[in-house]
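S.K.: pasting a predicted model and its sequence here:
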Amino acid sequence: MTISTMDGALAGMQYPREFIKTATPTLVAGRPASLLYLAGIPEAGVAPTPGIAGAALTSYGGQIPFGNPASGLTYLARFQAQATIAGTLLLCDRLWHNSGMTITQTTTQTFTGAVGLPARDVSGSTLGVGVYAALEISSSTGAGTPTITFTYTNAAGTTGRTASNVVPTVASSALGTFYPIGLMVGDTGVQKAEAVQLSASWSSGTMTVVLYRVLARLELQAQQGNAIDLITGGFVRLFDNTVPFLVFIPNTTTATAINGHMIVTQG
């Protein structure tokens, strides 16, 4: 059934899923960082290893814990956090990622046999509406500042669409650095990852392409908590097998500690 009243939402509240992360090494102002690989609560995730074709995810080590309802639907009821520096914290659903790319290669790397999305776009389908791509650093890089060209199938099923990184790359990109990829004009999301190309070698390290959906975002001031609830968060549905993880966009170039919780309601 669908939760349609506040009484129904309150009746379906689940216990808080806590997170506590110390974001190191030093974060850089305006450069997103995935917190998946950091120790704390939950535990640190490891670099993906599904191969170039990738994997559609239903769970992954290091995610914020999530359980499917025995029956009914799941909605985000509260997302709260505090950090020692100002920034924006994103709660995201990790739908797909891959591995096996060569970080020193400058020719196109095609994701042969690429796996499609799980049914968790904004409408609970595999079309990819509201699904975005990022290149995530899973082991710190060496020298080089490549432009990332990403090829994808859009939500309308059109293949061969291309876009590049929104945030400039840097040499010595730290573990967890998260480079969002743009969309071509008119596109509403990514249905399938097709290929990636670097304009220059990154010398060393490893990288993974991630397809994700943003569930919520919090604007944080230093040492001041903030929260959204069922109403202010837009009544966002979390589909079965959601894989919640965090991305932080700092306002300041320094390390930070981030803590908070996610609460869902089911029914």
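M.R.: Received it, and whenever you're ready, just let me know what you need.
S.K.: and the strands in the stretch 1-150 of the chain?
M.R.: All strands of the stretch 1-150 of the chain, identified by DSSP state E, counting those that start in this stretch, fall at 17-23, 33-34, 40-41, 55-56, 74-83, 87-97, 109-110, 132-139, 148-154.
S.K.: any idea which of those is most buried?
M.R.: Mean neighbours per residue, mean count of other Cβ atoms under 10 Å, is largest over these for strand 33-34, with a mean of 26. Where C-beta positions appear, they are placed from N, C-alpha and C, glycine not excepted.
S.K.: starting at the chain centroid, how far to that strand?
M.R.: 8 Å (Cα atoms, centre = their mean, to the nearest Å).
S.K.: distance-wise, check Ile249 relative to Val214.
M.R.: Here Ile249 is placed at a distance of 12 Å from Val214 (Cβ to Cβ, to the nearest Å).
S.K.: which one of those two has more residues nearby?
M.R.: Ile249 (19 against 15; other Cβ atoms under 10 Å).
S.K.: which pLDDT does the model give Pro25?
M.R.: If you check Pro25, the pLDDT there is 73.
S.K.: let me see the contact set for it.
M.R.: Ala174, Leu175, Ala255 (Cβ atoms under 8 Å, 6 or more residues apart in numbering).
S.K.: could I get the residues you listed as a markdown table with pLDDT, secondary structure and neighbour count?
M.R.: Putting the contacts of Pro25 into a markdown table (pLDDT from 0 to 100; DSSP: H, G, I helix; E, B strand; the rest coil; neighbours: other Cβ atoms under 10 Å) gives the following:
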| residue | pLDDT | secondary structure | neighbour count |
| --- | --- | --- | --- |
| Ala174 | 95 | coil | 20 |
| Leu175 | 95 | coil | 21 |
| Ala255 | 90 | coil | 14 |
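S.K.: re earlier: which neighbours do Ile249 and Val214 have in common?
M.R.: Common contact partners of Ile249 and Val214 (Cβ under 8 Å, 6+ apart): Leu90.
S.K.: re the thing from before, out of the strands of the stretch 1-150 of the chain, which comes closest to Tyr179?
M.R.: Evaluated over the strands of the stretch 1-150 of the chain, closeness to Tyr179 peaks at strand 132-139, with 4.6 Å, by Cβ to Cβ.
S.K.: just checking, what packs against the closest one?
M.R.: Strand 132-139 sits against strand 148-154, strand 178-180, strand 190-198, strand 206-220, with contacts defined as 3 or more Cβ pairs under 8 Å, 6 or more residues apart in numbering; DSSP states H and E.
S.K.: Phe178 and Phe245, how far apart?
M.R.: Phe178 sits 10 Å away from Phe245, taking Cβ to Cβ as the criterion.
S.K.: who touches both of the two?
M.R.: Common contacts of Phe178 and Phe245 (Cβ under 8 Å, 6+ apart): Ser34.
S.K.: pLDDT weak spots in this structure?
M.R.: Along the chain, segments meeting pLDDT under 70 span 1.
S.K.: could you dump stretch 79-99 to CSV, C-alpha only?
M.R.: What follows is stretch 79-99, C-alpha atoms only, in CSV (Å, rounded to 0.1, in the frame of the first residue of the first chain):
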residue,chain,number,x,y,z
PHE,A,79,17.7,12.9,6.9
GLN,A,80,19.8,14.7,9.5
ALA,A,81,23.5,15.6,9.6
GLN,A,82,26.2,17.8,11.1
ALA,A,83,29.7,18.5,9.9
THR,A,84,32.7,20.4,11.2
ILE,A,85,32.9,22.5,8.0
ALA,A,86,30.2,24.0,5.7
GLY,A,87,29.2,22.1,2.6
THR,A,88,26.4,20.1,1.0
LEU,A,89,25.7,16.5,1.9
LEU,A,90,24.0,14.2,-0.7
LEU,A,91,22.2,11.0,0.2
CYS,A,92,22.3,8.9,-3.0
ASP,A,93,21.3,5.4,-4.2
ARG,A,94,24.1,3.5,-5.8
LEU,A,95,22.5,1.7,-8.7
TRP,A,96,25.5,0.4,-10.8
HIS,A,97,29.3,0.5,-10.9
ASN,A,98,32.1,-1.2,-12.7
SER,A,99,35.8,-1.8,-12.6
